[in-house]
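> give the three-dimensional model of this entry:
(one chain, ligands or ions: 2)
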Amino acid sequence: MKRLGEEKLRFFKKILKETRKGSRFDQMDDFIQHGDTTVRTHCLHVAQTAYYLACRHGWKVDEASLIRGALLHDYFLYDWHVKCLANSIHGYTHPGKALRQAEKDFELNDIERDMIKHHMFPLTIFPPRTKEGWILVLADKICAMGETIGDRMK
Ligand SMILES: [Fe+2]
Ligand SMILES: [Fe+2]
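Ligands and ions are numbered 1, 2, ... in the order given. The predicted structure follows:
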């Protein structure tokens, strides 16, 4: 996070604070995503990575939407490791579920909706339509790999 620079870091923290306020963001800590990383920590990693990639490469994006969409991309709020039929297709279904939960707590814009809905591409058929959505696809896969491999190295 230090690599973001003071001003960008302050902006990231501001969006994070606004996103946590009055929402169920912190409840994502009750559920594991990969290895021993909770969904909340995973979403923080992904948002930081997505924002870092955009800043590092000078990609012109809606920065607030990029951070918020990434923070909420896995806002599905259930334990997908429980063995049941619904969870066997979690990979395909959770973007839609995360979007429905996020819509309950936030006024999302089109960029954020696109990001959440299409972040599992190419597992799900339709690709993102926004730059922010593509950055999220990339950041999510980088973080998921790091969290999974990192856990196996322990
Ligand atoms: Fe996801
Ligand atoms: Fe994710």
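> same for the host helix or strand of residue 93, what does it pack against?
Here residue 93, judged by DSSP states H and E, is contained in helix 90-105. For helix 90-105, the packing partners by 3 or more C-beta pairs under 8 Å, 6 or more residues apart in numbering; DSSP states H and E come out as helix 110-118. Where you see a C-beta, it was placed from the backbone N, CA and C, and this is true even at glycine.
> quick one: buried residues of the following helix or strand past the helix it packs on?
Next along the chain after helix 110-118, taking DSSP H and E as the criterion, comes helix 131-153. Using 16 or more other C-beta atoms under 10 Å as the test for burial, helix 131-153 gives 131-137, 139-140, 143-144, 146-147.
> ok, which of those also contact ligand 2?
The residues of the buried residues of helix 131-153 that also fall near ligand 2, by C-beta under 5 Å from the ion, are residue 140.
> sorry, back to before: ok and the helix holding residue 93 relative to helix 110-118, angle-wise?
150 degrees (axes from the mean of the first three to the mean of the last three C-alpha atoms, to 10 degrees).
> and helix 90-105, what's its mean pLDDT?
The pLDDT scores in helix 90-105 average 97.
> any idea how far it is from the chain center?
Centroid separation for helix 90-105 versus its chain: 11 Å, with C-alpha atoms, centre = their mean, to the nearest Å.
> who's in contact with it?
Here helix 90-105 makes contact (C-beta atoms under 8 Å, 6 or more residues apart in numbering) with 22-24, 72-78, 80, 86, 108, 112-113, 116-120, 123-124.
> buried subset of these, written for PyMOL?
Of the contacts of helix 90-105, the buried ones can be selected in PyMOL as follows, counting by 16+ other C-beta under 10 Å:
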select buried, resi 23+72+73+74+75+76+77+80+108+112+113+116+117+118+119+120+124
